[in-house]
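> heads up, no residue letters with this:
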């Protein structure tokens, strides 16, 4: 008996091909979608996988695409610590929350 993924009929031995997500990964993506997480997908039928794109994922095609939860950009604050005349070097100190006089840094995810 074969399986149907998207418009493709697969035989049981072909269900988990290289580059295709595992069952646990598929379940995690569908559960994240159910819980309202933003998802991204990319084409896996290219020699090199395509770039990640936001998707609504009303219909999943795990044979032709790979899915992930959209990563959240990280952010932190950097404090410029000036060196002194005793030979201490000027350094940057990272903080997890805003501190007066700090530089706010946000990661850019492309």
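All right, it came through fine. Because the structure is predicted, anything quoted here is derived from the model rather than measured.

> who's in contact with stretch 99-109?
The contact list for stretch 99-109, computed with C-beta atoms under 8 Å, 6 or more residues apart in numbering, reads 71, 73-80, 95, 98. The way it works is simple: take the backbone N, C-alpha and C, and place the C-beta from them, glycine included.

> in that stretch, what's buried?
Across stretch 99-109, burial judged by 16 or more other C-beta atoms under 10 Å covers residue 102.

> How about the secondary structure of residue 21?
Recorded secondary structure, residue 21: coil (DSSP: H, G, I helix; E, B strand; the rest coil).

> Tell me which residues touch it, please.
The contact partners of residue 21, taken as C-beta under 8 Å, 6+ apart, are 29, 62, 66-67.

> Tell me where this protein has helices.
Taking DSSP state H, the helices of the chain run over residues 23-34.

> Tell me where it is predicted with low confidence.
For the chain, the stretches with pLDDT under 70 are 1-19, 47-49, 82-90, 110.

> can I see the domain layout of it?
As assigned by automatic domain parsing, the chain contains the domains 3-69, 75-106.

> Deepest-packed of these, please.
domain 3-69 (a mean of 13; mean count of other C-beta atoms under 10 Å).

> Spit out the contact partners of the residue nearest to residue 51 when sequence neighbours are not counted.
Leaving aside its chain neighbours, residue 51 sits nearest to residue 42 (6.2 Å; criterion: C-beta to C-beta, 6 or more residues apart in numbering). Contacts for residue 42 were tallied using C-beta under 8 Å, 6+ apart; they are 49-53, 65-66.
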